[in-house]
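**Q** Structure for this input, please:
(one chain, ligands or ions: 1)
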Amino acid sequence: MSDDPRAADASFYSRALFEQSPFSTVIYDAEGRLLAANAAFERFWGVPVDSAPPDYNVLADPELERQGALPVIRRAFAGETVVTPPVRYDISRLSTSGAGRTVWTQGHFYPVRDAGGRVTHVVLVHVDLTARVEAEEALRLSEERFRTALRGSAVITSSQDRDLRYTWMHNPALGDRVRRVIGKRDMELFERTLDAEAMEAIKRKVLRTGESERREVLVYEDGQPRYYDLTVDPLRDAAGEVAGVICAQIDVTERRRYITERRRAEEALSMQARVLESMREGVSVTNEAGVIVYTNPAEDEMFGYARGELVGQHVTVQNTYPPDENQRIVAEVIAQLKATGEWVGEWQNRRKDGTPFVTRARITAIELGGRAHWVCVQEDVTERKRADEALREAKETAEAASRAKSEFLAVMSHELRTPLNAIGGYVELLEMGVRGALEPGQLADLERIRVNQRRLLGLINDVLNYAKVDAGRVEYVIRPAPVREALDATEPVIQPLAAAKGVALEVEACDQALVAVADPDKVQQVLVNLLSNAVKFTEPGGRVSVACEDDPAARAVRVRVRDTGVGIPADRLDAIFDPFVQVDTRLTRTAGGTGLGLAISRELARGMGGELTAESRVGEGSTFTLTLRRG
Ligand code: ADP
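**A** Alright, predicted model coming up:
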């Protein structure tokens, strides 16, 4: 120590400074032995300085050694001012009492030299880093946790500044490309400006209001629509001002698709259910064990059960077969299903109240949950069967009645013809004067009798003919017959009629080689009928023509009878072939006829394997075509 008062002062001040310093301060000798420590040391470390072991030496401190701080500290003892790296120091390991704290500290070492420049002491000031390091550690930990949480997450997380430029983004789908996003705005990132505008609008709202928003947004990425569930939270600075936004974006495209698909599937199911419920046919599903697992309302109703009551019951409650019979039918159905996949037939059923009824059923096999099931669609045909039966009976009765009528007519006609012929014969005898000469008045009366006798005979002949045809009692002598012969035989019969009425008759000279396979008498009968009709329904001055036609392709020969007469309305063309049908009864009353000619003619044509058809135009005329088999 020197006598210099200033030196004494300096020593006093430094001592005061040392004692009062708020920093933990330690003084070592040049060898590293602890000389003194201040009060702040004791506060800082939580132990009195004398709790240090007597032989403590900083240059051999095991804690500092462990943390690699000694090389730096040694430089201080060599004369350099040094600052150690932050050290986590646990003083309780050194203090003799085992007390003391663990702190994060940074040692500031100042060498003190004597006049000769030799290092005599080293001063160590501890800077407390505990709070800072702990804060940093807490931050690091929090970031670590955050990163771990994000690592497996598909949530796109990002932050944007007030300008809505990206400052950070976590997007696993982007990988390294995520860096390109930083500094950009949505407007620069998304293909469709509209999406970007909508997104930015939401974010601007959050910037403005400071309140979070959650919205589903649609964006197009690489041309593909994607749906995101977007949450935008305000990001506040230390002063609490909104400094940007932080967004979480979850891709819900798949979820939406799944929901849509599920909804569609549900709709399809409910539609199918509605279809089944609206069906008139009963539908039931039976499992392999013969237990009913489904019925539609029509099935329940048909069998007289409450809705769903049949489900769970054995299918035999529905039918009336004895067990053996039932087994036989089941075996038959299974065999049929295996062969064709379907069984169609009639079941004998019974309702809940025991009433039997018949259904027509279609059974198909389907697989449900890996097991075979039967689907049976059936309808009650009891009524229909009853109606069919009634119809069949009615038809039989009608046919029998018709046969009886025809037979009656045939007999009657025959019985009528005989006396009528007798009347005709006696008229002729009288006319010939066998009973004496007659006066002109008597002759005129006889003529009237004769005309009426003929008309009546014609009518009876028609009825007889029809009755025979209708009763199927006509016999045909089918042979190859030249068509021309039939026409030649017909012409002389019709010519006088036509001439008398002033109607021109033109008969085409058919090819002699044109041969039909038919009964020539019947062909003649048909032609006479067609031609006399033609003359009858054609006004004087009109024309009736007959033409032949060969159709080798259809193996047919046709004779057409054409007239320029009154014609037949289109809606009557079919009916005129029915017996007793006349289009205009006033006309026939004057012209004569029974309405049987065409009915007979068509029957005869068909009886020879041919056909008779008509075409006509009212006011223009008619054409009747007789088609015969070609020879
Ligand atoms: P009918 O000539 O004895 O009355 P048809 O069976 O021969 O009986 O004819 C039935 C009806 O068909 C006739 O009453 C007439 O109304 C119509 N018809 C037949 N042929 C002709 C024809 N050529 N032109 C116009 N109408 C005809």
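**Q** quick one: the helices in the stretch 101-250 of the chain?
**A** Assigned by DSSP state H, counting those that start in this stretch, the helices in the stretch 101-250 of the chain fall at 130-151, 178-181, 186-189, 193-209.
**Q** Export the ones you listed as a markdown table, with columns for mean neighbour count.
**A** Using the backbone N, CA and C atoms, a C-beta is placed for each residue, glycine as well. Shown next, in a markdown table, are these (neighbours: other C-beta atoms under 10 Å):
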| stretch | mean neighbour count |
| --- | --- |
| helix 130-151 | 11 |
| helix 178-181 | 14 |
| helix 186-189 | 15 |
| helix 193-209 | 16 |
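**Q** among the ones you listed, which is nearest the ligand?
**A** helix 193-209 (79.4 Å; C-beta to the nearest ligand atom).
**Q** What sits closest to V291 if chain neighbours are left out?
**A** Of all residues not flanking V291 in the chain, H314 sits nearest, at 5.9 Å (C-beta to C-beta, 6 or more residues apart in numbering).
**Q** How about Q313?
**A** I292 (5.6 Å).
**Q** how about the host helix or strand of F12: buried residues?
**A** Assessed by DSSP states H and E, F12 sits inside helix 5-20. Neighbour-count burial for helix 5-20 flags F18 (criterion: 16 or more other C-beta atoms under 10 Å).
**Q** Off-centre distance for that helix?
**A** How far helix 5-20 lies from its chain's middle: 101 Å, per C-alpha atoms, centre = their mean, to the nearest Å.
**Q** Quick check: mean pLDDT of it?
**A** The average pLDDT within helix 5-20 is 80.
**Q** Could you do stretch 518-537 as well?
**A** pLDDT averaged over stretch 518-537 gives 93.
**Q** What of stretch 182-198?
**A** 81.
**Q** contact partners of it?
**A** 160, 163-169, 181, 199-200, 203, 217-223 (C-beta atoms under 8 Å, 6 or more residues apart in numbering).
**Q** Let me know whether Q525 touches L604 as I believe.
**A** Yes - using C-beta atoms under 8 Å, Q525 is in contact with L604, at 6.4 Å.
**Q** between those two, who's got more neighbours?
**A** Remark: of Q525 and L604, L604 carries more neighbours, 24 against 18, as counted by other C-beta atoms under 10 Å.
**Q** nearest spatial neighbour of that one, skipping sequence neighbours?
**A** Nearest residue to L604, sequence neighbours excluded (C-beta to C-beta, 6+ apart): K522, at 4.7 Å.
**Q** Give me the pLDDT value at S142.
**A** Confidence at S142, expressed as pLDDT, is 89.
**Q** do the one 3 residues further on as well
**A** At R145, the predicted lDDT confidence score is 88.
**Q** Within range of the ligand, give me the residues from this protein.
**A** Neighbours of the ligand within the chain, by C-beta under 6 Å from any ligand atom: 529, 533-534, 537, 563, 565-568, 576, 581-584, 588, 593-599, 622.
**Q** can you tell me how far the spatially closest residue to E213 that is not a sequence neighbour sits from V245?
**A** Nearest residue to E213, sequence neighbours excluded (C-beta to C-beta, 6+ apart): V232, at 4.8 Å. Distance, V232 to V245, using C-beta to C-beta, to the nearest Å: 5 Å.
**Q** Give me the common contacts of these two.
**A** Residues touching both V232 and V245 by C-beta under 8 Å, 6+ apart: K203, V206.
**Q** most centrally placed residue in the chain?
**A** A268 (7.3 Å; C-alpha atoms, centre = their mean).
**Q** Identify the residues contacting that one.
**A** Neighbours of A268 in contact, by C-beta under 8 Å, 6+ apart: none.
**Q** Surely it is within a strand?
**A** No - using DSSP: H, G, I helix; E, B strand; the rest coil, the assignment for A268 is helix, not a strand.
**Q** For P540, grab phi and psi.
**A** In terms of degrees, to the nearest 10, the main-chain angles of P540 are phi -50, psi 140.
**Q** rewinding a little: buried subset of the contacts of stretch 182-198 as a PyMOL selection?
**A** Buried subset of the contacts of stretch 182-198, written as a PyMOL selection, criterion 16+ other C-beta under 10 Å:
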select buried, resi 160+164+166+167+169+181+199+200+203+217+219+221
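**Q** So, low pLDDT: which residues of the chain?
**A** 1-8, 191-194, 585-593 (pLDDT under 70).
**Q** so what secondary structure elements neighbour the lengthiest helix in it?
**A** The residue-count maximum for a helix in the chain (DSSP state H) belongs to helix 382-431. With contacts taken as 3 or more C-beta pairs under 8 Å, 6 or more residues apart in numbering; DSSP states H and E, helix 382-431 sits against strand 356-368, helix 440-470.
**Q** List the neighbours of the host helix or strand of A372 that are in contact with it.
**A** Per DSSP H and E, A372 falls inside strand 371-380. By C-beta under 8 Å, 6+ apart, the surrounding residues in contact with strand 371-380 are 279-288, 293, 299, 302, 333, 337, 347, 357-367.
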